[in-house]
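K.L.:
Here is my input, please return the structure:
(one chain, ligands or ions: 1)
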Amino acid sequence: MDDAANRPDRPAAEQRAAAERIRAARAEAAELAANLERQWDAVVAAAAFTNNDDEHDPEGSTLAYERERLTAMRDHVRRELAGLDRAAERLRDGAYWTCERCGGPIAAARLDARPAARTCIGCAAGARR
Ligand SMILES: [Zn+2]
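P.N.:
Residues are numbered from 1 along each chain as shown. A predicted model of the protein is given here:
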């Protein structure tokens, strides 16, 4: 057991609950990623059967759109997975409950809703680009 990694001010139960939330969110994102990979393969397979003439073939432009949509979703899921991995790391380091930007606490309700959150709600609102 590595107790040094656990902050004394956070009960172990809370720590475990957070780890479980991150794990669940990660499993969900990983499943979505796998699902997107299958859709991607289907689009690639469909593209192989149609003409490469995207400009004039309505089927081709649908595939191009579909490919673009899947790429965007895949990027989003990858960022999500990376964020959750980082959250798990932050949890191990005892930094999970602390805002990365201002060093203040991150509300438990915010972490409930967004397990990968790294900033408090105030900083998140300020940082929105
Ligand atoms: Zn903050």
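
K.L.:
Which residues are in contact with the residue most central in space within the chain?
P.N.:
Of all residues in the chain, the one closest to the mean position by C-alpha atoms, centre = their mean is E80, 1.3 Å from it. Contacts for E80 were tallied using C-beta atoms under 8 Å, 6 or more residues apart in numbering; they are 25, 29, 116. Where you see a C-beta, it was placed from the backbone N, CA and C, and this is true even at glycine.

K.L.:
Could I have the ChimeraX command that selects the buried members from these?
P.N.:
What follows is the ChimeraX syntax selecting those of those that are buried according to 16 or more other C-beta atoms under 10 Å:
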select :25,29,116
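
K.L.:
Looking at the contacts of E80, which are in helices?
P.N.:
Under the assignment DSSP state H, the contacts of E80 contribute 25, 29 to helices.

K.L.:
out of the contacts of E80, who's nearest the ion?
P.N.:
A116 (15.3 Å; C-beta to the ion).

K.L.:
before we move on, which element is the residue nearest to the closest one when sequence neighbours are not counted in?
P.N.:
In this structure, A116 finds its nearest non-sequential neighbour in G83, 3.7 Å apart by C-beta to C-beta, 6 or more residues apart in numbering. Element membership for G83 (DSSP states H and E) is helix 58-93.
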